[in-house]
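> With the input below, show me the fold.
(2 chains)
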2 protein chains.
Amino acid sequence: MTDFALADWMMPRLAQVEQGLSDAIDPSAPADLGQAMRYAVLDGGKRLRPLLVFAAAQAVGEGAISTPAVWRAACAIEMIHAYSLVHDDMPCMDNDVLRRGKPTVHVQFGQAQALLAGDALQALAFEVITPPDGSVAPEVQAALTRLLSRAAGYQGMAGGQAIDLASVGLPLNEDQLRQMHRLKTGALLLCSVQMGAVCAGQPSAQVMESLQRYGQALGLAFQVVDDILDVTSDSATLGKTAGKDEAADKPTYVALMGLAAAQAYAKTLHEQAMLALQDTGLAPAHTSALRALADMVIHRNN
Amino acid sequence: MTDFALADWMMPRLAQVEQGLSDAIDPSAPADLGQAMRYAVLDGGKRLRPLLVFAAAQAVGEGAISTPAVWRAACAIEMIHAYSLVHDDMPCMDNDVLRRGKPTVHVQFGQAQALLAGDALQALAFEVITPPDGSVAPEVQAALTRLLSRAAGYQGMAGGQAIDLASVGLPLNEDQLRQMHRLKTGALLLCSVQMGAVCAGQPSAQVMESLQRYGQALGLAFQVVDDILDVTSDSATLGKTAGKDEAADKPTYVALMGLAAAQAYAKTLHEQAMLALQDTGLAPAHTSALRALADMVIHRNN
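Sure, this is the predicted structure:
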């Protein structure tokens, strides 16, 4: 643990993301679509991915954290995350009715509207990182789109979800499970770090490669902790249905290696993330937020 | 009609799009997701949107039609179109089982896979216009992403679909119907023209504004003809279920104004498109493909 005051650091960033998300979605948009999108993306979630964008930008470039590129990238990655949850909760996928302590989007607005809201949130993610006002350099707009589209797509998040669907009830080994999560949740978490770094200019290969290892370890740790919480927590604390993985016979780290080993594995991954940060060669003062976010991922209870 | 040989002009462009789409989707992608995506996007469709991209590029810039930006933009717009069809056909939306003469994606691969294939195709559209190889200038990558994300999103195609959903059984007037179609199908058709123009450099305001009027008239004409074909054609010719609009009590131009008036309206829109092309001030030899595509939209039988 560090003596970095994460809460103080987070507060203005979270406010900026909330404002950016709200400004991006006109509530009076046709046929309640704007309402469904706002319901899906506002007032909820840990905003871990946006915070990683801010933290990585701060680590790589002095003052980069205050540029329009950064809050825009932060909003974009959260829109992608939110859309994936909306679609993932639908009856033909996980069929979940509770998310962040509220009825899921399809329960609230109907399946067709949920489908469209998810689709529109994905498009909006690319819209928000390509402003026409000259506030973000074309090179940065192109690089952010490149990273985000690949992380969200069939060789990233969507591919991981397809593996997840196909693997229910199948005995995955640890390598297969890791590959699934590397895509399903890891790709976006890694992308958050990469997007933040790209907003701060042209990081060196050493910085980029080490930050990638940080993002990969963090992404995997996040998923291991998710699997742990699914068995150790309750629905009220989680804000979503607990015990769901086991009930659905989904492969998890806890099912694969047992609870204690999964907890030990999460700690190991946390250490790997910290070592990767050291390897960046960046000043420890600049990477405090990235360190604190890794702590948060490990110690979270929802 | 012109003496421009549209079929000869189309053939190499269609082959280029088919190749680009196929190359972009690895058939061995995880858990059959690549297969579902390829099924959705290959070997079917009129490819009207890609052809408009090529034609607009040719109109605006000498030699622009042969640049990587153009076939990439052409593939991207077709991916967005294909994803929208996959999602639109799902049971919670139009619940259609036949598309381009084949079982729809959810019938063939299941609903969950169809949902993911659509999601992944949208991401891939943005991936294909942001290549890392330096073949497309960052400014063009950013401009293409800007146009495409807005046309696909909640103030474009997705918004039009939401209005469509909300309007079943409601008595829309002509203005409301036009607004719905301006978003639902018009936004992508207009975007095709705009993307093609942007690939060819920085068109003048006169060119851009006139091309936009061309795209808007063409988009509306396309929809009016669609409504006409739904009552005058059969499922075998259409490659999708005929008579569907009337059965679903959907508002259409034919329902609103009658068949003869709808046919006259389509002709008027075609004339508007031709006048807009004249207003570009571009050499008629350069705009032949755009003229021929407008003819095709009016005279198509599926």
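> can you give me the strands for the stretch 1-150 of chain A?
Taking DSSP state E, counting those that start in this stretch as the criterion, the stretch 1-150 of chain A carries its strands at A:98-99, A:102-103.
> and the last one, average pLDDT?
Averaging pLDDT along strand A:102-103 yields 94.
> Which strands and helices lie in contact with that strand?
Using 3 or more CB pairs under 8 Å, 6 or more residues apart in numbering or on different chains; DSSP states H and E, no helix or strand is in contact with strand A:102-103. Bear in mind the C-beta positions are built from the backbone N, C-alpha and C, glycine included.
> Distance from that strand to the middle of the chain?
Distance of strand A:102-103 from its chain centroid, counting by CA atoms, centre = their mean, to the nearest Å, is 20 Å.
> picking that back up, among the strands of the stretch 1-150 of chain A, which is the most enclosed?
strand A:98-99 (a mean of 20; mean count of other CB atoms under 10 Å in any protein chain shown).
> Sheet partners, orientation included, of that one?
Paired with strand A:98-99 in the same sheet, following DSSP bridges, are strand A:102-103 (antiparallel).
> Give me the buried positions along stretch A:78-92.
By neighbour count with 16 or more other CB atoms under 10 Å in any protein chain shown, stretch A:78-92 contains the buried residues A:78-92.
> Just name the closest of those residues to chain B, please.
A:Cys92 (3.7 Å; CB to the nearest CB).
> Am I right that that closest one is in contact with B:Gln113?
No. In this structure, A:Cys92 is not within contact of B:Gln113 by CB atoms under 8 Å, at 9.2 Å.
> buried set for the helix or strand where A:Met274 lies?
Per DSSP states H and E: A:Met274 is located in helix A:259-279. Neighbour-count burial for helix A:259-279 flags A:Ala262, A:Gln263, A:Tyr265, A:Ala266, A:Leu269, A:His270, A:Gln272, A:Ala273, A:Met274, A:Ala276, A:Leu277 (criterion: 16+ other CB under 10 Å).
> I'd like the next helix or strand past it.
Following helix A:259-279 in sequence, per DSSP H and E, is helix A:288-299.
> Need the contact partners of that following helix.
With CB atoms under 8 Å, 6 or more residues apart in numbering or on different chains as the contact definition, helix A:288-299 has outside contacts at A:1-2, A:4, A:6, A:9, A:48, A:51-52, A:54-56, A:58-59, A:193, A:214, A:218, A:221-222, A:225, A:266-267, A:270, A:273-274, A:277.
> Relative to A:Ala123, how far out is the residue nearest the centre of chain A?
Central residue of chain A (CA atoms, centre = their mean): A:Arg49, 4.0 Å from the mean position. Separation of A:Arg49 from A:Ala123 (CB to CB, to the nearest Å): 18 Å.
> re earlier: as TSV, the buried residues of helix A:259-279 with distance to chain B and pLDDT would be great.
Shown next, in TSV, are the buried residues of helix A:259-279 (distance: CB to the nearest CB, whole Å; pLDDT from 0 to 100):
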residue	distance to chain B	pLDDT
A:Ala262	24	95
A:Gln263	28	95
A:Tyr265	23	96
A:Ala266	25	96
A:Leu269	23	97
A:His270	28	97
A:Gln272	25	97
A:Ala273	26	97
A:Met274	30	97
A:Ala276	23	98
A:Leu277	26	97
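> hmm, which two among those residues are most spread apart?
A:Ala262 and A:Leu277 (23.3 Å; CB to CB).
> circling back to that earlier point, in helices only, show me the buried residues of stretch A:78-92.
Using DSSP state H to define helices, the subset of the buried residues of stretch A:78-92 located there is A:Glu78, A:Met79, A:Ile80, A:His81, A:Ala82, A:Tyr83, A:Ser84, A:Leu85, A:Val86, A:His87, A:Asp88.
> If I look at the first one, what pLDDT would I see?
In this prediction, A:Glu78 carries a pLDDT score of 98.
> In space, what's closest to it - neighbours in sequence excluded?
Computed as CB to CB, 6 or more residues apart in numbering or on different chains, the closest residue to A:Glu78 that is not its neighbour in sequence is A:Pro50, at 5.1 Å.
> next one: the fourth one
On the basis of CB to CB, 6+ apart, the spatially nearest residue to A:His81 that is not a chain neighbour turns out to be A:Arg49, at 5.6 Å.
> Report the separation between that neighbour and chain B.
A:Arg49 sits 16 Å away from chain B, going by CB to the nearest CB, to the nearest Å.
> and that residue, what does it touch?
Neighbours of A:Arg49 in contact, by CB under 8 Å, 6+ apart: A:Ala74, A:Ile77, A:Glu78, A:His81, A:Leu188, A:Leu189, A:Ser192.
> hmm, back to that, make CSV out of the buried residues of helix A:259-279 and add distance to B:Gly156.
Below are the buried residues of helix A:259-279 laid out as CSV (distance: CB to CB, whole Å):
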residue, distance to B:Gly156
A:Ala262, 44
A:Gln263, 47
A:Tyr265, 45
A:Ala266, 43
A:Leu269, 41
A:His270, 43
A:Gln272, 43
A:Ala273, 40
A:Met274, 44
A:Ala276, 41
A:Leu277, 41
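> Please work out how many residues are found near the residue nearest to A:Glu78.
Close neighbours of A:Pro50, defined as other CB atoms under 10 Å in any protein chain shown, add up to 31.
> next one: A:Gly281
Quick note: A:Gly281 (other CB under 10 Å) scores 10 neighbours.
> Equivalent analysis for A:Pro138, please.
A:Pro138, neighbours per other CB under 10 Å, totals 18.
> and it, what pLDDT?
In this model, A:Pro138 carries a pLDDT of 97.
> Next: A:Ala255.
88.
> Ok, A:Gly45 next?
Confidence score, pLDDT, at A:Gly45: 85.
> Is it in contact with A:Glu78, as I believe?
Yes. Counting by CB under 8 Å, A:Gly45 does reach A:Glu78; the two are 7.2 Å apart.
> doesn't B:Ala29 make contact with A:Gln155?
Yes. If you go by CB under 8 Å, A:Gln155 and B:Ala29 touch, sitting 6.7 Å apart.
> A:Asp119: which of the strands of the stretch 1-150 of chain A is closest?
Nearest to A:Asp119, of the strands of the stretch 1-150 of chain A and by CB to CB, is strand A:98-99 at 17.8 Å.
> what's the closest non-adjacent residue to A:Cys92?
With CB to CB, 6+ apart, the residue lying closest to A:Cys92 is B:Gln111, at 3.7 Å.
> Would you confirm that that neighbour contacts B:Pro91?
Yes. Look at B:Gln111 against B:Pro91 with CB under 8 Å: they come within range, at 6.7 Å.
> Show me the longest helix that occurs in chain A.
Longest helix in chain A, counting by DSSP H: helix A:205-232.
> and that helix with chain B, contact?
No. Applying CB under 8 Å from any CB of the partner chain, one finds helix A:205-232 separated from chain B by no less than 13.5 Å.
> Buried residues in that helix, which are they?
So helix A:205-232, judged by 16+ other CB under 10 Å, has buried residues A:207-208, A:210-211, A:213-230.
> same check, this time on stretch A:97-114
Those would be A:98-100, A:102, A:104-109, A:111-114, for stretch A:97-114 by 16+ other CB under 10 Å.
> remind me which residues of chain A are low pLDDT?
For chain A, residues meeting the criterion pLDDT under 70 lie at A:1-3, A:235-236, A:238-243, A:246-248.
> Thanks again, I'm all set now.
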